[in-house]
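Peer 1: Sequence below, structure please.
(chains A, B and C)
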Amino acid sequence: MPELPEVETVRTGLARWVTGRTIASVEVHHPRAIRRHLPGSAHFAALLTDRKILDVRRRGKYLWLPLDSGDAIVAHLGMSGQLLCQPAAAPEEVHLRVRLRFADGDPELRFVDQRTFGGLAVAEGGAELPAEIAHIARDPMDPLFSDAAFVAALRAKHTEVKRALLDQTLISGVGNIYADEALWRARLHGTRPTGRLTGPAALRLLGHVREVLAEAIGHGGTSFDALYVNVNGESGYFDRSLNVYGREGEPCRRCGAPIRREAFMNRSSYSCPRCQPRPRPRRP
DNA sequence: CCTCATTCCTGCGGGC
DNA sequence: TGCCCGCAGGAATGAG
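Peer 2: Residues are numbered from 1 along each chain as shown, chains lettered A, B, ... in the order given. Coordinates of the predicted model:
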């Protein structure tokens, strides 16, 4: 379940292994792995062939690789996507979707994705910022992210605070795991209405979001099931530092109360029933 | 305009 | 043993 820290870990690895290299050939093994590209896989491959990768950039959970043509490769890992730098001789992964070979040989770049929620796309003229991801807000690690604008937008929303944290047009990079972790740190229940958060409380929450993301980046990300790995196929180990996510029934590390799990948007939310009481209804 | 439910996909593990 | 079902969940999409 790659969120910002996992994607940033992949970005770092890619930057090291593919920056400055020229793509020699492209193999698409599964058409669904190429997103929003009506001309088809062959055209996708043609736009990349003989192009040099200039950089590897990230916004939220999206990556893009500017090319010397002015286009960019856009990548989203979805639930189970992996970008792996592998020697050409390595056996094909079961869920290998796309393979990029380079003019200078090894390593090649492979997009592997079991559940095909992720995918690659070409953003024509998108080297600076692909139009496909222009609607995604800056993430809280971005130097140009505005804390004040975020707080104002959050408080103006008519929704619950966890929904807002997952809204990538408000703040990007946060998924189910880090939303729960930040809310635990902030001692807020996810169903708290955003409109009833004070400015200072919203700012504190943002601080906790940024803090948990930074710590997770420092650990190389979180992995539960080996579906998330860095470009060398290694898992992060931040999962050892999680305080609520996946800990139903285990004691809260702050107060000892058993962590609860609640259904939320077709998934699960974890919280401490004592540190994070449910908000009282405004009017019964 | 805004909010929210639905849908895409596959492997795993629990229950019977 | 084997089958079925629920679950994991980011984000595009369309409904209301």
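Peer 1: What lies in contact with the longest helix seen in chain A?
Peer 2: For chain A, the helix with the greatest residue count under DSSP state H is helix A:199-218. Helix A:199-218 is contacted by residues A:4-6, A:8-9, A:140-141, A:147, A:150-151, A:154-155, A:161, A:165, A:171, A:173-174, A:178, A:181-183, A:185-186, A:188, A:194, A:197, A:222, A:236, A:238, A:241 when judged by C-beta atoms under 8 Å, 6 or more residues apart in numbering. C-beta coordinates here come from the backbone N, C-alpha and C atoms, glycine included.
Peer 1: Report the buried members of the residues you listed.
Peer 2: When the contacts of helix A:199-218 are checked for burial by 16 or more other C-beta atoms under 10 Å, the buried set is A:4-6, A:8-9, A:140-141, A:150-151, A:154-155, A:161, A:165, A:171, A:173-174, A:178, A:181-183, A:185-186, A:188, A:194, A:197, A:222, A:236, A:238.
Peer 1: can you tell me which of the residues you listed are in helices?
Peer 2: Applying DSSP H to the buried ones among the contacts of helix A:199-218, the entries found in helices are A:4-6, A:8-9, A:150-151, A:154-155, A:161, A:165, A:178, A:181-183, A:185.
Peer 1: Between which two of the residues you listed is the distance greatest?
Peer 2: Within those, two members stand farthest from each other by C-beta to C-beta: A:Thr9 and A:Arg155, at 32.1 Å.
Peer 1: how close does A:Arg36 sit to A:Tyr178?
Peer 2: The gap separating A:Arg36 from A:Tyr178 is 27 Å, by C-beta to C-beta, to the nearest Å.
Peer 1: Ok, A:Pro87 next?
Peer 2: A:Pro87 sits 33 Å away from A:Tyr178, going by C-beta to C-beta.
Peer 1: from the buried ones among the contacts of helix A:199-218, which are also near DNA strand B?
Peer 2: Among these, not one lies near DNA strand B by C-beta under 7 Å from any atom of the strand.
Peer 1: sec struct for A:Pro39, please.
Peer 2: Under DSSP: H, G, I helix; E, B strand; the rest coil, A:Pro39 falls in the coil class.
Peer 1: in chain A, which ranges drop under the pLDDT threshold?
Peer 2: A:222-240, A:282-284 (pLDDT under 70).
Peer 1: redo that, cut-off 90
Peer 2: Counting by pLDDT under 90, chain A has low-confidence residues at A:1-2, A:13, A:31-32, A:35-42, A:79-80, A:114-116, A:218-241, A:246, A:263-267, A:280-284.
Peer 1: Residue numbers of it in contact with DNA strand B?
Peer 2: A:32, A:79, A:94-95, A:114-117, A:157-160, A:163, A:265-266.
Peer 1: all strands of chain A, in order?
Peer 2: With DSSP state E as the criterion, chain A has strands at A:23-28, A:57-59, A:62-66, A:72-76, A:81-86, A:96-102, A:108-113, A:119-123, A:260-264, A:267-271.
Peer 1: Can you tell me which of those is nearest to DNA strand C?
Peer 2: Closest approach to DNA strand C among those (C-beta to the nearest atom of the strand): strand A:267-271, 3.7 Å.
Peer 1: Can you pull out the residues in contact with the closest one?
Peer 2: Strand A:267-271 is contacted by residues A:162, A:176, A:180, A:183-184, A:189-190, A:244-248, A:259-263 when judged by C-beta under 8 Å, 6+ apart.
Peer 1: again with stretch A:160-168
Peer 2: Looking at what lies outside stretch A:160-168 - C-beta under 8 Å, 6+ apart - the contacts are A:60-61, A:136-137, A:154, A:157, A:159, A:170-171, A:174-176, A:179-180, A:182-183, A:188, A:190-194, A:197, A:205, A:209, A:264-265, A:269.
Peer 1: hmm, that stretch touching DNA strand C?
Peer 2: Yes - counting by C-beta under 7 Å from any atom of the strand, contacts between stretch A:160-168 and DNA strand C involve A:166, A:168.
Peer 1: re earlier: return the distance of the longest helix of chain A from the chain's centre.
Peer 2: Centroid separation between helix A:199-218 and its chain, computed with C-alpha atoms, centre = their mean, to the nearest Å, is 16 Å.
Peer 1: send the alpha carbons of that helix over as CSV?
Peer 2: Once non-C-alpha atoms are left out, helix A:199-218 reads as follows in CSV (Å, rounded to 0.1, in the frame of the first residue of the first chain):
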residue,chain,number,x,y,z
GLY,A,199,-7.0,26.7,13.3
PRO,A,200,-4.4,25.7,15.8
ALA,A,201,-5.8,22.2,16.0
ALA,A,202,-5.7,21.9,12.2
LEU,A,203,-2.1,23.1,12.2
ARG,A,204,-1.1,20.6,14.9
LEU,A,205,-2.7,17.8,12.9
LEU,A,206,-0.7,18.9,9.8
GLY,A,207,2.4,18.9,11.9
HIS,A,208,1.7,15.3,12.9
VAL,A,209,1.1,14.3,9.3
ARG,A,210,4.4,15.8,8.2
GLU,A,211,6.2,14.2,11.2
VAL,A,212,4.9,10.7,10.6
LEU,A,213,5.6,10.9,6.8
ALA,A,214,9.2,12.1,7.5
GLU,A,215,9.8,9.3,10.0
ALA,A,216,8.5,6.7,7.6
ILE,A,217,10.7,8.1,4.8
GLY,A,218,13.6,7.7,7.2
